[in-house]
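Participant: All I have is the shape, not the residue letters:
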Ligand SMILES: Nc1ncnc2c1ncn2[C@@H]1O[C@H](COP(=O)(O)OP(=O)(O)OP(=O)(O)O)[C@@H](O)[C@H]1O
Ligand SMILES: [Mg+2]
């Protein structure tokens, strides 16, 4: 066709203009292709992450809920999503809906454990040794305890120097005095006279002020662990075992376990190793330097755990490893922690060979019974003892705190913790309240205390160790919402716990329950907060959602249905953010292209006035002239659009081969793994070409109109 | 030179009492006054007259690219006054051929494509027929070997031949040319005129404007314009030359 020939030749004739405009169209098309393929791949991987970890395809929860269900929006405190009263009926009804594979009960909440108070552990050991009249053991442990209390007293002294003493409450002054007394020679001289009274004093007055007595907060999902494990395809046990069928138990998410339960120095060593492996250097990277500094500054995390038996072993090890005859362990550790890019490999190995074996590497070990503290829906403090069976991960999401912050607990313990009175619990709680006469705090007050400004509390609490620990938790767990990250510094919110000896009663309450095996009707027949619905492969989510909602309405279950995108909260909306960024950059590119195309075509129209006039004179209609301009635009658009799409395809193919690394844990989650392998489809190319064509044609509208206004007369005048 | 003002057959071009005024702001410039003429098939007519006498204006009216202020212009049986832009364009495509003073070829197309263009607009002939017709014309005009040259690669004379071929390719009733030799040297101009005379001999009707005496001398009929009025419907070349000489002397 002659018009195409004219268009191509015109393009060649004005190649500079063609290249500029073409370049922009090229870029635009490439961006559309790459952007769309990224978006669709992320959409798919995100679906996999969310659907396959905790959300399922659909979620149901109470219709009359005050708040929207948001699975990944951080902590659920304050969000009131109501209750599902009779899960058994929900399960039975919804599993009958065609396409539904499974309905998994859930309840998400936060709880706290006291992590790694070595003093507590040592005092337990000391008590056991005294009871068993094991003189040798008692001697070693006693020395360790004394050393720890001494260190604590030193810290407190330093604290009271730093802070205005007049601001200190009487309670605080008393606490300092207690610790000092616990570290005094007189106290230890008289220890043998009445070891159990002395122990009690240490346990009740001194230990709560000890280092590492920080509260570790984590999120957990109470669920039917068996059916959770078999239905969420990303679930996988890492350490230990799955909780035995029908029994109570807890599974740590591997990432939570490493991040919050592991010994901090060791954890930092791990993190330094991982980051160095990614190609960062201690020379350059600020995170690495920060971790090195923390390891140096917080040497006490190690020295505190060493006793008379283990300290010499570590000292000797360090002297040999560092070839330094210094005798002070602090000096040796300081030198040891002063790592650089060259010596880190050796130090890492040395740490785990010579130091870590003498440390409590995890404050909660697999197999331990852990005391979880939380609040019931009404604001009562509750405590549940639960056995930690192991750790799990969501496959390929190991590195993402989004998914890694989710721990799992059996539904029975969950109901206890959340205060849905199970038969077991009802009786126990009544007894407990009768005993103590404690009036349960109101929900409001509990929350106010829990989230009181951490800094204010710190002023009053001279707990040097706790403060340090709190600051650090705030840092390392920055993925957690600020309120919770700050919470470990707040002790006053748990005064209620102090007044009730929950530990003892819960222990009693718990022990005979650990072995109990619950039947499926017990597990199902009770309250949950929401439920995940998994669909069979290939079932259309939208239709299934309608069918499920219909079933809920028909059976008057009082439930509302949400798809995973909505249920995941912010993270589900994240795609729109990426989409907006893409749309924004495309807008800029295409807008620039439009302006340039418009301007240059207007110029070209002017230049070609005589030619156009002549064409009109020899019989070309206006419409033909218009067509001529559009064909030129079309050729430009298709030519550079195809080239751009092809280039975009190459870029996608390149990333598909190499993968795009996730920058942070949100992206690990979005990418359903540490790397994203984008794929593209034919539709992306079609969309790119259509967009580029529309943009180009749109920008030739005005110049084309101008061209149709050229009269044949304008060709008649002699060229001056 | 037997053709009289009142031709017996139906004229291709017929103007009756035509006025053309130009508006320059508020001033009205009368360019043509009370012009009546008719041109029959096969004529080789030249419109002569001094600069500003209205030659171009007259050609534009006949070429349907402009509209008379008063009077009627009838081309190939159609009154141009009542036609819309679209119909005028069709009329130009069907009945007229234009040779422009500055050729006005499409710069990015080669000679062949330029000549073929009006046929494509008409869309009547097959590709083979188009090719045949274009090549015959190029051969007649002696530029066959340049069919794949672009205008920029051709001399002025060659370009004008391409323009002539383009004007003729649709076999129009009449070919219009406003000073076709003005941009050519005299030798080239003469050879172009030879070509046109040859084509005229085969039946094509030509209407030129010019003040080139050599062109006038080749005309079958000379219409003399003075100050927008027809001074002579059938002047001789000698008349024109004398008048021109007189004007020059004055
Ligand atoms: N577009 C216009 N606007 C106003 N006046 C015009 C316009 N075109 C021509 N004229 C005037 O109309 C008159 C006739 O002009 P025209 O161009 O037809 O003369 P011409 O015989 O072709 O002259 P030349 O030999 O110089 O080409 C002149 O007085 C000219 O100034
Ligand atoms: Mg003129």
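Facilitator: It's in. None of these values were measured; they are calculated from a predicted model. Ligands and ions are numbered 1, 2, ... in the order given.
Participant: and the closest residue in space to residue A:671 that isn't next to it in sequence, backbone torsions?
Facilitator: Closest residue in space to residue A:671, ignoring its immediate chain neighbours: residue A:662 at 4.9 Å, by Cβ to Cβ, 6 or more residues apart in numbering or on different chains. In short, each C-beta sits where N, CA and C put it, glycine included. Backbone torsions for residue A:662, taken as degrees, to the nearest 10, come to phi -80, psi 130.
Participant: so residue A:662 makes contact with residue A:402?
Facilitator: No - judged on Cβ atoms under 8 Å, residue A:662 makes no contact with residue A:402 at a distance of 10.9 Å.
Participant: list residues touching both of the two?
Facilitator: residue A:668 (Cβ atoms under 8 Å, 6 or more residues apart in numbering or on different chains).
Participant: For these two, indicate the residue with more neighbours.
Facilitator: residue A:402 (27 against 19; other Cβ atoms under 10 Å in any protein chain shown).
Participant: ok, now which ones touch that one?
Facilitator: Residue A:402 touches A:49, A:72, A:479, A:571, A:665-666, A:668-669, counting by Cβ under 8 Å, 6+ apart.
Participant: Same question for residue A:245.
Facilitator: Residue A:245 touches A:226, A:517, counting by Cβ under 8 Å, 6+ apart.
Participant: Where does it fall, secondary structure wise?
Facilitator: Residue A:245 is part of no helix or strand when elements are defined by DSSP states H and E.
Participant: Quick check, pLDDT for residue 25.
Facilitator: Went with chain A since none was named. Residue A:25 carries a pLDDT value of 90.
Participant: Please refer instead to chain B.
Facilitator: 85.
Participant: how much space is there between it and ligand 1?
Facilitator: From residue B:25 across to ligand 1, the span is 10 Å (Cβ to the nearest ligand atom, to the nearest Å).
Participant: How many residues are close by that residue?
Facilitator: 5.
Participant: Check residue A:363 too.
Facilitator: 23.
Participant: again, but for residue A:561
Facilitator: 23.
Participant: tell me the secondary structure for it?
Facilitator: strand (DSSP: H, G, I helix; E, B strand; the rest coil).
Participant: Check whether it really touches residue A:57, as I assumed.
Facilitator: No - Residue A:561 is beyond contact range of residue A:57, at 10.3 Å (criterion: Cβ under 8 Å).
Participant: intersection of neighbour lists for the two?
Facilitator: Common contacts of residue A:561 and residue A:57, defined by Cβ under 8 Å, 6+ apart, comprise residue A:533.
Participant: which regions of the chain lie under the pLDDT threshold?
Facilitator: You didn't say which chain, so I picked chain A. A:73-79, A:115-118, A:158-172, A:208-214, A:377-378, A:420-512, A:718-720 (pLDDT under 70).
Participant: look at chain B instead
Facilitator: B:1-9, B:236-241, B:243-250.
Participant: Centroid-wise, who is the farthest residue in it?
Facilitator: residue B:26 (31.4 Å; Cα atoms, centre = their mean).
Participant: As a check, name the ranges of all strands in chain B.
Facilitator: Assigned by DSSP state E, chain B shows strands spanning B:13-24, B:27-39, B:44-48, B:70-75, B:78-79, B:96-99, B:174-178, B:205-210, B:221-226, B:229-235.
Participant: Make TSV out of those and add mean neighbour count and distance to residue A:338.
Facilitator: Compiled in TSV, the strands of chain B are given as follows (neighbours: other Cβ atoms under 10 Å in any protein chain shown; distance: least, Cβ to Cβ, whole Å):
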stretch	mean neighbour count	distance to residue A:338
strand B:13-24	17	93
strand B:27-39	17	96
strand B:44-48	25	104
strand B:70-75	18	101
strand B:78-79	14	101
strand B:96-99	26	92
strand B:174-178	24	95
strand B:205-210	26	100
strand B:221-226	21	106
strand B:229-235	17	110
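Participant: Could you work out which of those reaches nearest to residue A:124?
Facilitator: strand B:96-99 (109.7 Å; Cβ to Cβ).
Participant: What strands flank the closest one, and is each parallel or antiparallel?
Facilitator: strand B:174-178 (parallel) (DSSP bridges).
Participant: what about the strand it pairs with, near ligand 1?
Facilitator: No - using Cβ under 6 Å from any ligand atom, strand B:174-178 stays clear of ligand 1, with a minimum separation of 7.3 Å.
Participant: List of residues touching that strand?
Facilitator: A:716, B:12-13, B:39, B:55-56, B:59, B:62-63, B:76, B:95-101, B:164, B:167-168, B:204-209.
Participant: What of stretch A:589-607?
Facilitator: So stretch A:589-607 is contacted by A:10, A:14, A:17, A:20-21, A:24-25, A:27-28, A:31, A:612, A:629, A:632-633, A:636, A:691, A:695-696, A:698-700, A:702-704, A:706-707, A:710 (Cβ under 8 Å, 6+ apart).
Participant: The residue of chain B at minimum distance from chain A and residue A:153, how far apart?
Facilitator: Here chain B gets closest to chain A at one residue, residue B:93, 2.5 Å apart by Cβ to the nearest Cβ. For residue B:93, the distance to residue A:153 (Cβ to Cβ, to the nearest Å) stands at 108 Å.
Participant: burial of the closest residue to residue A:656 other than its chain neighbours, as a residue count?
Facilitator: If the residues on either side of it in the chain are set aside, residue A:656 comes closest to residue A:677, at 5.2 Å by Cβ to Cβ, 6+ apart. The tally of other residues near residue A:677 (other Cβ under 10 Å) stands at 15.
Participant: Give me the phi and psi for residue A:307.
Facilitator: Taking degrees, to the nearest 10 as the convention, residue A:307 sits at phi -110, psi -170.
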